[in-house]
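Q: model this:
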Amino acid sequence: GGDETKLEIIPPIVPQFDAHPADFRKKYKIPEDAFVFGMHQRSDPNIFYPVSLLAFERTYSPLNNNYMVIMGGSQQYRELAAQFCKEVQERIIFIDFCSDALEIHNFLDSINVYAHSRLDGEVCSAAIIEAMSHAKPVISCPGQNNGHEEQIADAGIFCSSLDEYVDAMKKLATDKSFYEWCELKTRAKYVKEYSFQSVKQKILKIL
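A: As a prediction, this is how the structure comes out:
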């Protein structure tokens with residue numbers, strides 16, 4: 001109940017830094033010209049949802065230079081990847097979960113696309129906001145909660161099936177103009193909806 005005109009959704013405040021490490025690709029031996037999909041997630045088997053990893057496996061081609069990096073995530077991701085062919089496994093990099101914000105931004109700055117999938121979905125995802133702060137286009141899919149569909153609307157790609165997820169990965173990796181359009185839309189939405197200045201104004205409006 002209540003007056004909907006007074007409603008204001010306050011996203012989480014995601015810290016930004018003037019400087020952070022920028023050696024992620026060098027550290028993990030990822031070529032500078034590679035196209036990298038990435039996701040970070042806490043090591044919780046209850047939120048394991050392999051859509052992004054399964055989609056990446058289907059996009060593999062010896063002719064492309066695509067990689068997938070998962071920071072954290074449950075052991076099930078590693079067990080699933082172990083079932084893929086050797087060539088695909090060589091393009092998937094798993095690194096330990098990290099709570100250091102500077103290292104998370106190092107990771108996010110080094111990927112091209114945030115490839116999100118999570119069983120319970122999101123209400124208003126700080127992880128997605130972090131990726132958007134680097135103007136990284138976001139691909140995602142439905143979960144039990146779907147607040148992230150609104151988060152990436154008109155900027156990223158929300159996929160209703162594995163086939164759609166595969167197509168989204170292929171399009172972003174091969175269509176430069178489309179990728180750049182998504183970058184611009186993601187940056188604009190972050191500044192308007194999720195940046196510190198935007199969130200501050202929403203809080204002041206409520207007060």
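
Q: what comes up buried for the host helix or strand of Tyr179?
A: Using DSSP states H and E, Tyr179 sits within helix 176-189. By neighbour count on 16 or more other CB atoms under 10 Å, the buried set for helix 176-189 is Tyr179, Cys182, Glu183, Lys185, Thr186, Arg187, Lys189. Any C-beta I mention is one placed from the backbone N, CA and C, and that applies to glycine too.

Q: This protein: helices as residue ranges?
A: For the chain, applying DSSP state H gives helices covering 24-27, 51-59, 75-81, 86-89, 101-110, 126-133, 147-152, 162-174, 176-189, 196-206.

Q: Check the offset of the helix or strand of the chain with the lowest mean pLDDT from the chain's centre.
A: Lowest by mean pLDDT, DSSP states H and E among the helices and strands of the chain is helix 196-206, with a mean of 90. From the chain centre to the centre of helix 196-206 is a distance of 24 Å (CA atoms, centre = their mean, to the nearest Å).

Q: which outside residues touch that helix?
A: The contact list for helix 196-206 (CB atoms under 8 Å, 6 or more residues apart in numbering) reads Glu8, Ile9, Ile10, Pro11, Ile13, Val14, Gln16, Val191, Lys192.

Q: The residue nearest to the spatial centre of the chain bridge partners, please.
A: Central residue of the chain (CA atoms, centre = their mean): Tyr114, 2.5 Å from the mean position. Counting by DSSP bridges, Tyr114 forms beta bridges with Gly38, Val138.

Q: per-residue confidence at it?
A: Per-residue confidence (pLDDT) for Tyr114: 98.

Q: about what we covered before: most neighbours among the contacts of helix 196-206, please name it.
A: Neighbour counts for the contacts of helix 196-206 peak at Val14, which has 21 neighbours (criterion: other CB atoms under 10 Å).

Q: Find the nearest non-adjacent residue to that one, please.
A: Closest residue in space to Val14, ignoring its immediate chain neighbours: Ile129 at 4.7 Å, by CB to CB, 6 or more residues apart in numbering.

Q: distance of that neighbour from Ser160?
A: Per CB to CB, to the nearest Å, Ile129 is found 23 Å from Ser160.

Q: How many residues are close by Gly143?
A: Neighbour count for Gly143, taken as other CB under 10 Å: 19.

Q: Could you verify my assumption that it touches Val123?
A: No. Contact status for Gly143 versus Val123: not in contact, 10.2 Å apart, counting by CB atoms under 8 Å.
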